[in-house]
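Asker: pasting the structure only:
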């Protein structure tokens, strides 16, 4: 099928009328909202994604996070209301009172973005989120793994790739984004010269590499 599409495209007669996955996702996330609120939320989401006269486009991941964060409140308000202009400050305060920690902070920040955009575009008369502080929240204190958890992690790392991930995470406290850009094929190189973790400049210790290479069979000296 791919080759046929390529040929038709080169001939200039291929027209892709399939719906982009982002459009399907957007339709799914807007499902269940009152018609007026749905329309306004969709316009806001598209401005976040594509940018506008007074705003730059956001990353797609950020756009989806914002829509996911406002969706629970919009679903709740879609029962009594049809448009954003009907939502009051008391509605916002009553809703966020049910939230705690990062949920309260993240959802209020996203709601503030939505209502600020609506106010700027004349869809609402007052911003019901104004002067409501998002506040600070404390991240949970990281706790060390107990021996049983460590043993299960080691036992699960049965391939060179998973051993590489385990070594980066456990020994070097590497984050997901840093681990994701390290190809497993580079593990052997670290015996001859240090391998660097992306963005932090930390050399991978030989102990970490040895854990990985043990899964590849005997190493030639």
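Answerer: Right, received. Where do you want to start? Just so it is clear, the model here is predicted, and its values are computed rather than measured.

Asker: which helices and strands does the helix or strand harbouring residue 94 pack with?
Answerer: Using DSSP states H and E, residue 94 sits within helix 89-96. Using 3 or more CB pairs under 8 Å, 6 or more residues apart in numbering; DSSP states H and E as the contact test, the elements touching helix 89-96 are helix 60-77, helix 101-120. All C-beta atoms are positioned from the backbone trio N, CA, C, and that covers glycine.

Asker: quick one: average pLDDT of it?
Answerer: Mean pLDDT, helix 89-96: 96.

Asker: just stretch 134-142 next, same as before
Answerer: Mean pLDDT, computed over stretch 134-142, is 61.

Asker: try stretch 111-127
Answerer: Averaged across stretch 111-127, the pLDDT comes to 95.

Asker: Sort out which residues of it are buried, please.
Answerer: Under the neighbour-count criterion of 16 or more other CB atoms under 10 Å, stretch 111-127 has 111-115, 117-119, 123-124, 127 buried.

Asker: In terms of helices and strands, where is the spatially closest residue to residue 35 that is not a sequence neighbour?
Answerer: Nearest non-adjacent residue to residue 35, counting by CB to CB, 6 or more residues apart in numbering: residue 82, 6.6 Å away. Following DSSP H and E, one finds residue 82 outside all helices and strands.

Asker: how near is residue 82 to residue 153?
Answerer: Distance, residue 82 to residue 153, by CB to CB, to the nearest Å: 51 Å.

Asker: And residue 112, by the same measure?
Answerer: Residue 112 is 40 Å from residue 153, by CB to CB.

Asker: Also residue 32?
Answerer: From residue 32 to residue 153 the distance is 40 Å (CB to CB).
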